[in-house]
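A.B. asks: predicted model and sequence below, questions to follow.
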Amino acid sequence: MARLLFMAEDDPLMSRMYERAFRLAGDELMMAHDGEEAITLLQKADPKPVVILLDIMMPKLNGFDVLRKIKEDEKLKSIPVIMLTNLAGDSDAEKALSLGAVLYLVKSQYSPKEIVAKVTEIIAASVHGDGIPKVTVEVKKTKEEKGKS
């Protein structure tokens with residue numbers, strides 16, 4: 001059975017790219033194109049998605065505001081939230097994780113296929129009773145950084 005996932009992403013090209021990647025993996029993806037639409041769709045969704053992916057820079061409500069509202073909602077707060085953004089700053093990652101996101105990924109550092117794999121890991125951890133994986137920020141090292149370490 002297909003897993004129901006939810007993504008809030010305002011860039012149409014990115015939306016189509018991720019939608020295709022998740023569908024190829026056998027998942028069903030609900031999409032919102034701004035923060036207000038994300039909250040409305042999530043509250044109405046039945047069944048609820050197993051994972052929520054949020055962009056940060058969106059119209060109407062940003063991803064941080066959406067995350068806050070998700071974590072305040074009794075029916076949504078237990079759903080793992082992954083922040084999927086172009087903001088690579090440590091302070092943004094810390095803010096997202098402190099608000100309850102389980103993972104912070106920078107879009108430019110991962111292919112859609114790698115994002116699908118990360119989502120699958122989080123679902124597996126929560127379904128198998130291992131609980132949600134530890135909260136992490138994943139930033140790939142550049143070739144220059146790898147040479148220094």
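C.D. replies: Looks like it arrived, so ask away.

A.B. asks: mind listing what's buried in stretch 81-92?
C.D. replies: Buried residues in stretch 81-92, counted by 16 or more other CB atoms under 10 Å: 81-85, 87, 92. Backbone N, C-alpha and C define where each C-beta goes, glycine included.

A.B. asks: got it, and stretch 21-32?
C.D. replies: For stretch 21-32, using 16+ other CB under 10 Å, the buried residues are 21-22, 25, 27, 29-32.

A.B. asks: K71 against K77, yeah?
C.D. replies: Yes. Applying CB atoms under 8 Å, one finds K71 in contact with K77, separated by 5.0 Å.

A.B. asks: where do the contact lists of the two overlap?
C.D. replies: G100 (CB atoms under 8 Å, 6 or more residues apart in numbering).

A.B. asks: between the two, point out the one with more neighbours.
C.D. replies: K71 (15 against 12; other CB atoms under 10 Å).

A.B. asks: distance of E36 relative to P59?
C.D. replies: Distance, E36 to P59, by CB to CB, to the nearest Å: 8 Å.

A.B. asks: quick one, which of these two is more surrounded?
C.D. replies: E36 (17 against 11).

A.B. asks: so what does the lengthiest helix in the chain touch, helix or strand wise?
C.D. replies: Of all segments of type helix in the chain, defined using DSSP state H, the longest is helix 112-127. The helices and strands touching helix 112-127, judged by 3 or more CB pairs under 8 Å, 6 or more residues apart in numbering; DSSP states H and E, are helix 12-24, strand 51-54, strand 81-85, strand 103-106.

A.B. asks: mind giving me a markdown table with these and columns for distance to A45 and mean pLDDT?
C.D. replies: Converted to a markdown table, the helices and strands packed on helix 112-127 look like this (distance: least, CB to CB, whole Å; pLDDT from 0 to 100):
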| stretch | distance to A45 | mean pLDDT |
| --- | --- | --- |
| helix 12-24 | 16 | 93 |
| strand 51-54 | 10 | 96 |
| strand 81-85 | 14 | 92 |
| strand 103-106 | 21 | 92 |
